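Trainee: Sequence first, predicted coordinates after that:
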Amino acid sequence: MSTEPANELIGSGQEGSVRDQFRAWRARVRHGDMGALPAIAGFIVLCILFAVLSPYFFTERNFANLVTQAATLVMLAMALVFVILLGEIDLSAGVTSGVAMCLFVVLTAPGGPALHWLVALVISLLAGAVIGAFIGFFVARVGIPSFVVTLGLFLGFQGLELILIGSGGVYRITAPPILAIMNSNLPNWGGWLLLAAVLGISAGTACWDRGRRSRAGVPNRTITLLWIKLGAIAVIGGVAVLLLNQNRGSGAVVVSGVPIVAPITLAILWAGTFMLDRTRFGRHLYAIGGNPEAARRAGIKVVMIRWYAFILCSTLAVVSGLFSASRVGSVDAAFGRDIVLSGVAAAVVGGVSLFGGRGRLLQAAIGALVVAVITNGLGLLNLPGGVNYLVTGGVLILAATVDAISRARSGGSLTR
């Protein structure tokens, strides 16, 4: 029985030099554990390709648009990771967010209860958690395949959306704080403060890990790798903040700064990664995804972990729906129906294994960026919308093929 965090330590935690670390990483890649490497390579290639084909791709305005466009998909892909790591699927995540957002706008509508937006948001998040608990009960307790349960909810929740809003109804979002999530920006100094916070938290977490490993008598990686990681974050983050702080407005209106959605997404990414990599729940989740029977024999509460995973997935899916509603400023009866498959595609493209037991939230986020770049770039080229689906589908099949081959090379089975 193995887990994703443990895989990172095997063959790498014992070396004392960067060269040894690189050799260990190369050996893991040769054995099929490529992680997000294919997605990163694809992201770079796509950026170069669209930059050559469109003069508007590498502009400040398009970069900011790409950040906000990707945020919804990034959040949904991260939500789905919690169930995909178990070898399960949640086809209802998109419409779960739709039902929660329909509930939100109905509760805040002037003609209805007219609740404060914060109260309505808490109720919507709780609704997502309840839906996740409902799915987890039938999957973990009753034993119904997650595909069947969530497909049933995917169909049923479309009717619930119609009941809540009506077939022709469109409710506008009026709460300024909700609209600001996707449509407003931090002040220019806020972007640099955000970067400093990311560097500080990354350094603090790494030092905490090193202290914990030292106390446990486990050898640490060379400190040089930490400096390389922090340097990469500083360079990439600095370039991003510098671009986003440029004026991308038209005329006399100045629009600049990091979108407010960015720190929210980064905070959830860090919290989710901490949960998966550094808590008992995360270790057990990976163990169940790798081998459920071995996990059960080891004393892990398989039923409860599965249950919690679906609750987390549905709750974070509501956050994804909140991002989408903030961006368009309204909610209708078809909200959330089309995005869930893109979320699954993003997670798989990023390197999260559909067979379970392998993958990270950061990989799902990178995969979502790849899918977002495809959508953004093809839109700039004015190609038909059908081309977007064709290209995204092709990338998904390619990623799934890489996953299956890498799993076979690492000694895994192609069937569960």
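Mentor: Done, it's in. Residues are numbered from 1 along each chain as shown.

Trainee: Using the three-state scheme, assign the residue lying farthest from the centre of the chain.
Mentor: Distance from the centre of the chain peaks at Ala252, with 36.2 Å (C-alpha atoms, centre = their mean). Three-state call for Ala252 (DSSP: H, G, I helix; E, B strand; the rest coil): coil.

Trainee: Starting from Arg61, give me the distance back to it.
Mentor: 16 Å (C-beta to C-beta, to the nearest Å). C-beta coordinates here come from the backbone N, C-alpha and C atoms, glycine included.

Trainee: residue nearest the centroid of the protein?
Mentor: Most central in the chain (C-alpha atoms, centre = their mean) works out to Met78, at 2.5 Å.

Trainee: Show me how this structure divides into domains.
Mentor: Taking automatic domain parsing as the reference, the chain has its domains at 4-183+280-409, 185-258.

Trainee: Quick check: which of these is buried the most?
Mentor: Among these, ranked by average contacts under mean count of other C-beta atoms under 10 Å, first place goes to domain 4-183+280-409 (a mean of 20).

Trainee: so for that domain, what's the average pLDDT?
Mentor: For domain 4-183+280-409, mean pLDDT rounds to 87.

Trainee: which SS state does the nearest residue to Arg210 once chain neighbours are set aside fall under?
Mentor: Leaving aside its sequence neighbours, Arg210 sits nearest to Asn220 (C-beta to C-beta, 6 or more residues apart in numbering; 5.0 Å). With three-state DSSP as the basis, Asn220 sits in coil.

Trainee: For Asn220, give me phi and psi.
Mentor: Dihedral angles of Asn220 (phi, psi; degrees, to the nearest 10) stand at phi -90, psi 160.

Trainee: what does stretch 136-145 contact?
Mentor: 88, 146, 149, 302-304, 306-311 (C-beta atoms under 8 Å, 6 or more residues apart in numbering).

Trainee: Narrow those residues to those in helices?
Mentor: 146, 149, 302-304, 306-311 (DSSP state H).

Trainee: out of those residues, which one sits closest to Leu383?
Mentor: Ser146 (34.9 Å; C-beta to C-beta).

Trainee: contacting residues for the closest one?
Mentor: Counted by C-beta under 8 Å, 6+ apart, Ser146 has contacts 83, 88-90, 135, 139, 310.

Trainee: circling back to that earlier point, if I look at the residue nearest to Arg210, how far off is Arg212?
Mentor: 10 Å.

Trainee: cool, Gln158 as well?
Mentor: 47 Å.

Trainee: Asn247 too?
Mentor: 45 Å.

Trainee: Same check on Ala298?
Mentor: 22 Å.

Trainee: Hmm, Ile305 is touching Arg283, no?
Mentor: No. Ile305 lies out of contact with Arg283 (C-beta atoms under 8 Å); the separation is 10.0 Å.

Trainee: what are the ranges of the strands in the stretch 301-416 of the chain?
Mentor: Under the criterion DSSP state E, counting those that start in this stretch, strands of the stretch 301-416 of the chain are mapped to 330-332.

Trainee: Thank you, goodbye.
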